Structures are given as structure tokens and as C-alpha cells.
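# this one's structure only:
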């Protein structure tokens, strides 16, 4: 695989470069030639002219391209508005094709289905790279449809953009389609001697506590924890709704889990009602956290991902970097992210309006992310493993202040969340037995009874949920004769047995201490017969426990099944009556309420 990377400097120089490439191809073994054209310039006539020159000078070559927010050539941010990447595939087995489809929300499924059908007919496919228009279109359904592609195929790409990030104009084009502002172009590559891998880099790290997305629609985030989303940025970061809102929030996008991955979503604007316009759709009822961008942390992540490609021994890299990252770094610093890949293999790409990458079963749309695809023809046998070159002098051996503060805040937040968790747990737990306390077990019984409150029934109808109430026989004599410490040991022994037995036989049951030596078990999925059998297991297992001083003890139990339409007080009285009957008629038995 051979790659030529250069900037467009006028027709004469461009034609001269194409002829040089053609001469090189004529002198070599070549199977396919693909031109990728990246343009910050939205001048369509110029692009049409460039495509025409390729068709004239190398009619068998394929080409594809898109408008961009900036171009990457030889690992650097290009100073030219138009850049050309020509990839020459040398192995006869390597196969390449270019596809183009009109893409709208209405046609998203058709495009995904067409790709899947193409792959089914061409089992040689290993990689699909896409350039796509996406501004003003929700990509959520489109990504879901693309999940139907075989997951062994590497899928990645970027959204077309323009030099002005506030401009919604963007287009894609190829040798099989016209210049279009509503289309997707795909470079399909494969063959037995073709190898490909893809990864992504974020580098932004979570900061502070989880925030619940309580209201969102498409890319508009309305509420976090029931409050206007903007309040989060103003309260915690003192970011105002002004002309600098986008650039200020880029350092602090939202990070949330989607399909098992941490996905970034950056606000690009704030509405009068306090809602935020995000770079892509964000789902409701998910936990999101503010993330922070720090150069040290980001470059460490870049280095780790670049190093992970070393053993692959790539011949080329194509990178899709979010325009937000370019804004974050600035043009003088942005190449720090891509130069490490250039030290391994020739690196090109563009700055996007969004990035796509398949991870496992899912195709995800990323933001504020760097997606990297590595290509190679042939095996790595007898090849030297390259090493990543990266100037780490600015951050090696030290950690930035923001990183240290973020670590401190994160640790403090985790400690506070754990303390709150323990506080919440203690509020529903009996201190001695560590079972649910009476208030909590009673609350759960009430909730279960309310599930059946509005059932339309004729007469009494069992609800399929049951209560088991138990009382230790002659417990007062244990305290009187052996002391309260021995009594406590009996209570704890019973509680431990109940927890173990429920975990084994009725894992969805709730166990609580009702008061003193009385205990209650709510079995939401056991009928009367099942609960009676479980109660008798409780009785037998408790009687087999031998305590140090008071020996073996027994207990009595009552069982009742909840009845549709009754409240929790009635069923609790009924199970208490059954327990009383067990005590009155000899103890150490189970009685079912009549």
C-alpha cells in the first residue's frame, strides 16, 4: 500500500501530481487507486473541476470526498483549504468499491439495508468508511439500523462540515454520485491480504456527581435533575449564556454511557428557556456527568491508543477528529493529537461534525472524539514494529493542576455518594439484624398490595403474592434465663438463616424485622402453597441451630396470600391472626390463614 498526500495548489500543479502518481502506478503492481478529497472551501465548481481532472488523467481511479472543518495531511493540520489523499493498493487480492446514497431520516433504513445487502453479496468486505452529511438530521435511528451490518466489519467515518462551525452547509461527493448536501458516501475495502483496525480517543474525564437527564428530545437537552440544563453550567462552572458559551463548554462536555461506552456530547448553544442544544441526540433517563478536558490527560490517552497500534504495523491511518477538538486545542496545538500516529504510518483525515465507529454490537455516533482507522496490506511477518514518537517533555513526570483538582473532586464526590448510600441504607435497615426495618418492610407490603388494588374481581381473588410472619417461641425465657446478649445472638442467628434461605429459595423476597422477636417476609412471586413450604423450611432450619447457652429454639409462623382489592393493613392483620393461631395451638408450627 502506497499513499500520496498533498495540498491542492491549482490545476497545473494538480495535473502534474496526478501524472506522477500515474507513472508510479505504471511502474508498479497496482490493484486499485482511490482519491480522497477534503475541502474547507464550499466552492462546488472547484470540486467538480478537480474530479474532472482525476477522471481524465486516471479514468479507472475511484474518488470520494466531503467538505470539512479542516484537513489533516501527514499528521498535521493543513494550511490549505483543499487536500488530496491518493491511496494505491498493491495486492491483487485487495478489492475496493465506492457507494453513494441519498441520506435523509426517511431514507436512513434504506441506506443501512442497502449496505447490509451489499455486504451479503460481497463477503470479501472487511471495512466500510463513510463520509456523510448530518447537520439538521437525527442520526440515532440511522446508527441503530447500521448495527445490522456484520459486526466483524470495521465501520467508521465522519460527518461533513464547513470551515465555519456555525454554518450548516456541508456536502459529500464521489465518482458514483453528484455533489450532495443530503448523502452518504462509503469506501468499501477488503480481501484476504487486507487488514484493518479502528479505535477511538476521548481523553475527557468525568467530574463530579451523576446528573439525571429528566427531559430531552433529539439533540435538545431540557432538564437535568428536573431543572433547566443550563443551570448546571452556571451553578458549577459559572459559564454564562453569551457569545463564548460554545468555546467555554467545550472544555466541559457531558459524558454518558451509551451501548456500554462513554460517549461525549457537547452543548453548542443555549436557548432562552435554559435548554441546551447538543452536538447530537441525547437520551432521556440516563445518567450524565460533566467531563473536563485537560491537555495532559488527553495526550496521555492519545499516546496509549497510538501505542496499541504498534503491533498491527499499519501502513496508513485515516483519522476523523471532531471540530470541537480543533477549537479546544487551537490550530497551533491540534496536531499534537495526530502526530503520534504519523510516527507509525502516514496519517490523513479531516475535522468533522461528528464521528462514527462500530464497537461490538453497536454503531455509535461520537462527539468531541478522535476516531482512527489503521490499514495494511499483507502480513506483519519479518516487519519491524514501529515505535510511537511523541514529545512528552511538556507533561511527562508532572500532572496539571486541573488534573489534580479533578482527581480530588472525583474522590470527594465518590466518598460523599458512598456516605449517602450508607445513610440511605441505614434508614431502612434494622441495626441489629441488618434486615429491613419495620417501616421499610411495611412500605414494600403496601406497594405490593396497591398493585392489586384496582383489580376487577368477583368475590375474593388471590393475588399470587404472600406474607410469612414468624415469632420465636418462649423468647422471653431466653432473655430472663441467659441474658439479653444471648437473646441478641438468637435474633441474629434467625436473621442470618432467613437471609441465606431466601437467597437460595426465594431471591426476590423481602425480609424484615417486624419488632422484638417477630419477623416478616414478603414473597412477591410465591402463592400460598409455595409460601407454606418456604415457611416450613424456615421453621426446620431455625430449629437446627444450636446456640451456645440456650441450645435449640423453635418458632411459630403464619402464612397468608394477598387478596386483590384489599389494603396492606388487612393482610397484615390476617397473617398476624394465623401466627397467633400457631402459637395458641402448640407452637413450632406453620398455620395458613383461612
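Yep, it's here. Bear in mind the structure is a predicted one, so any value in this text is a computation, not a measurement.
# And the nearest residue to residue 155 once chain neighbours are set aside, how far from residue 376?
The spatially closest residue to residue 155, leaving aside those adjacent along the chain, is residue 358, at 4.0 Å (C-beta to C-beta, 6 or more residues apart in numbering). Using the backbone N, CA and C atoms, a C-beta is placed for each residue, glycine as well. Distance, residue 358 to residue 376, by C-beta to C-beta, to the nearest Å: 19 Å.
# just residue 478 next, same as before
From residue 478 to residue 376 the distance is 77 Å (C-beta to C-beta).
# what's the answer for residue 284, then?
Distance from residue 284 to residue 376, by C-beta to C-beta: 42 Å.
# I'd say residue 132 and residue 161 touch.
No - shown here, residue 132 and residue 161 do not form a contact pair, counting by C-beta atoms under 8 Å, at 10.8 Å.
# the residue most distant from the middle of this structure, which is it?
residue 481 (60.3 Å; C-alpha atoms, centre = their mean).
# in the helix or strand hosting it, what's buried?
Secondary structure assignment for residue 481, by DSSP states H and E: helix 475-482. Of all the residues in helix 475-482, those buried under the rule 16 or more other C-beta atoms under 10 Å are 475, 478, 479, 482.
# which secondary structure elements does that helix contact?
helix 484-505 (3 or more C-beta pairs under 8 Å, 6 or more residues apart in numbering; DSSP states H and E).
# Pairing partners for the top strand by length along the chain, with directions?
For the chain, the strand that runs over the most residues, judged by DSSP state E, is strand 205-217. Note on strand 205-217: by DSSP bridges, its sheet partners are strand 220-224 (antiparallel), strand 287-292 (antiparallel).
# what's the helix or strand that the first one is followed by in contact with?
From strand 220-224 onward toward the C-terminus, using DSSP H and E, the following helix or strand is strand 227-228. Contact with strand 227-228 is made by 222, 273, 274, 275, as judged by C-beta atoms under 8 Å, 6 or more residues apart in numbering.
# Could you count how many residues lie near the second one?
Using other C-beta atoms under 10 Å, residue 273 has 10 other residues around it.
# helices and strands of the protein: which one bottoms out on pLDDT?
helix 401-427 (a mean of 67; mean pLDDT, DSSP states H and E).
# What mean pLDDT does the helix holding residue 481 get?
Here helix 475-482 scores 93 as its mean pLDDT.
# Check stretch 123-141 too.
Mean pLDDT, stretch 123-141: 93.
# For that stretch, measure first residue to last.
25 Å (C-alpha to C-alpha, to the nearest Å).
# which residues of the protein score low on pLDDT?
Counting by pLDDT under 70, the chain has low-confidence residues at 392-415, 453-463.
# Show me the strands in the stretch 301-450 of the chain, by range?
Counting by DSSP state E, counting those that start in this stretch, residue ranges of the strands within the stretch 301-450 of the chain are 316-322, 346-352, 355-359, 362-366, 370-377.
# helices or strands up against the fourth one?
For strand 362-366, the contact count by 3+ C-beta pairs under 8 Å, 6+ apart identifies helix 140-146, strand 261-265, strand 355-359 as packing neighbours.
# wait, which of these is closest to residue 210?
Across these, residue 210 has its closest neighbour in strand 261-265 (12.7 Å, C-beta to C-beta).
# Sheet-wise, list the partners of the next helix or strand after the closest one with their directions.
Using DSSP H and E, the helix or strand that follows strand 261-265 towards the C-terminus is strand 267-270. Strand pairing for strand 267-270, using DSSP bridges, gives strand 276-278 (antiparallel).
# how far does the strand it pairs with sit from the chain's center?
19 Å (C-alpha atoms, centre = their mean, to the nearest Å).
# In that strand, which of the residues would be classed as buried?
276, 278.
# Over to stretch 121-134?
125, 126, 127, 128, 129, 130, 131, 132, 133, 134.
# And stretch 293-311, by the same measure?
For stretch 293-311, by 16+ other C-beta under 10 Å, it's 293-303, 305-306, 309.
# Please apply the same query to stretch 95-107.
95, 96, 97, 98, 99, 100, 101, 103, 107.
# hmm, who's touching that stretch?
By C-beta under 8 Å, 6+ apart, stretch 95-107 touches 31-32, 34, 62-64, 89, 110-111, 114-115, 118, 122, 124, 132-133, 137-138, 141-142, 172-177, 180, 182-191, 194.
# of those residues, buried ones?
By 16+ other C-beta under 10 Å, the contacts of stretch 95-107 give 31-32, 34, 62-64, 89, 111, 115, 118, 132-133, 137-138, 142, 172-175, 177, 180, 182-191, 194 as buried.
# Filter the residues you listed down to the ones in helices?
111, 115, 118, 142 (DSSP state H).
# Grab the two from the residues you listed that are most spread out in space.
Among those, 118 and 142 lie farthest apart (C-beta to C-beta), at 16.4 Å.
# just checking, which of the buried ones among the contacts of stretch 95-107 belong to strands?
32, 34, 62-64, 89, 132, 172-174, 177, 180, 183-190, 194.
# just to revisit the earlier point, columns distance to residue 433 on top of the buried residues of helix 475-482, output as TSV?
TSV is the format used below for those (distance: C-beta to C-beta, whole Å):
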residue	distance to residue 433
475	14
478	15
479	16
482	18
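# Isn't residue 195 up against residue 376?
Yes - checked against C-beta under 8 Å, the pair residue 195 and residue 376 is within contact range at 4.7 Å.
# joint contacts of the two?
If you check residue 195 and residue 376 against C-beta under 8 Å, 6+ apart, the residues they both contact are residue 312.
# Against residue 160, how distant is residue 329?
The gap separating residue 329 from residue 160 is 21 Å, by C-beta to C-beta.
# neighbour count winner among those two?
residue 160 (31 against 19).
# so what's the more buried one up against?
Going by C-beta under 8 Å, 6+ apart, the list of residues near residue 160 reads 66, 67, 68, 131, 132, 133, 134, 170, 171, 172, 352, 353.
# Please apply the same query to residue 218.
Contacts of residue 218 by C-beta under 8 Å, 6+ apart are 138, 281.
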